[in-house]
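A.B. asks: next come a sequence and a model predicted from it.
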Amino acid sequence: MSNRSAFLVTCVATLSLVLALFFSSNPLKPQANFHQLSAIAPIQRCTSVGATRGSRSMLGRRSVGLGFLTAAGSAVMMKKGQAAEICDDACESSLSNIPLQSTPSGLQFRDVKVGEGSPPPKAFDVVVHYTLKVDTPNGIKTFFSSLDGGRPLDVRVGGGTVIPGLDEGLSTMRKGGVRRLYIPGKLAFPNGVKAKPGTPSVPPGSPVIADVQLIYIPGIDDDLEIVGAGDDE
């Protein structure tokens, strides 16, 4: 082996040793915890949409608070060993004491919790959890729940992204509100919903029940002060 080749081999070996020692004492760290990202991401996504209609500076420390809102929304009424419900057994038993309200469209609802602030303007996005139920021969069964996914959903009020009855019910809710909707068939699923494993089918034109929690209205509920979050850069 020539002196030149021996010199190159020695250099490569030395460099490899230095790099190995460096990374063993300074392991690479992930930029963020996966669960933290998955908790904050859906809120930031809808916040960026709301910013085009409301304020323009809605990230930074506010996004930290939104992550907490997502986590809170994901744990709605959870009990050990039970499926998560927006309206649990205690809520169900109290419904008969809550006034039933009706709208000209035929939609009816009961406000389990009214919430605070103003209802969302048309075309604003809202961050919600909701479940949909249908009456079956074996009782009332849930056929959709956003709680199953562990994160809230973005819904544009008046945008036709959900069934008309749910859209109308959301339009008069307030932040933090919880509402039971009784949706007539004409405002639900005219073509029905096919059954999936573990969930019932919805016959065409059947009335459905929806439990809704309005967590947050981007563009309106943005003045969050999070202790210890620091200032925007």
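C.D. replies: Cool, the structure landed.

A.B. asks: what kind of secondary structure is residue 148 in?
C.D. replies: helix (DSSP: H, G, I helix; E, B strand; the rest coil).

A.B. asks: which elements pack onto the strand or helix carrying residue 135?
C.D. replies: Per DSSP states H and E, residue 135 falls inside strand 125-136. Judged by 3 or more Cβ pairs under 8 Å, 6 or more residues apart in numbering; DSSP states H and E, strand 125-136 is in contact with helix 34-51, helix 61-74, strand 139-145, strand 153-156, helix 164-170, strand 208-216. To be clear about C-beta, it is placed using only N, CA and C from the backbone, and glycine gets the same treatment.

A.B. asks: recalculate using a threshold of 6 Å.
C.D. replies: For strand 125-136, the packing partners by 3 or more Cβ pairs under 6 Å, 6 or more residues apart in numbering; DSSP states H and E come out as helix 34-51, strand 139-145, strand 153-156, strand 208-216.

A.B. asks: among those, where is the model least confident on average?
C.D. replies: Of all the helices and strands packed on strand 125-136, the minimum mean pLDDT falls on helix 34-51 (a mean of 32).

A.B. asks: follow-up on the earlier one: can you state the direction angle for the strand holding residue 135 and strand 139-145?
C.D. replies: 150 degrees (axes from the mean of the first three to the mean of the last three Cα atoms, to 10 degrees).

A.B. asks: would you mind writing the CA trace of strand 125-136 as CSV?
C.D. replies: Output of strand 125-136 as CSV, limited to C-alpha atoms (Å, rounded to 0.1, in the frame of the first residue of the first chain):
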residue,chain,number,x,y,z
ASP,A,125,-65.0,27.8,10.7
VAL,A,126,-65.9,26.4,14.1
VAL,A,127,-64.0,23.6,16.0
VAL,A,128,-66.5,21.0,17.2
HIS,A,129,-67.1,17.5,18.5
TYR,A,130,-70.3,15.9,17.5
THR,A,131,-72.0,12.5,17.5
LEU,A,132,-74.9,11.3,15.3
LYS,A,133,-77.4,8.7,16.4
VAL,A,134,-80.4,7.0,14.9
ASP,A,135,-83.3,5.1,16.4
THR,A,136,-83.1,1.4,15.6
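
A.B. asks: list the buried residues of it.
C.D. replies: By 16 or more other Cβ atoms under 10 Å, the buried positions in strand 125-136 come out as 125-134.
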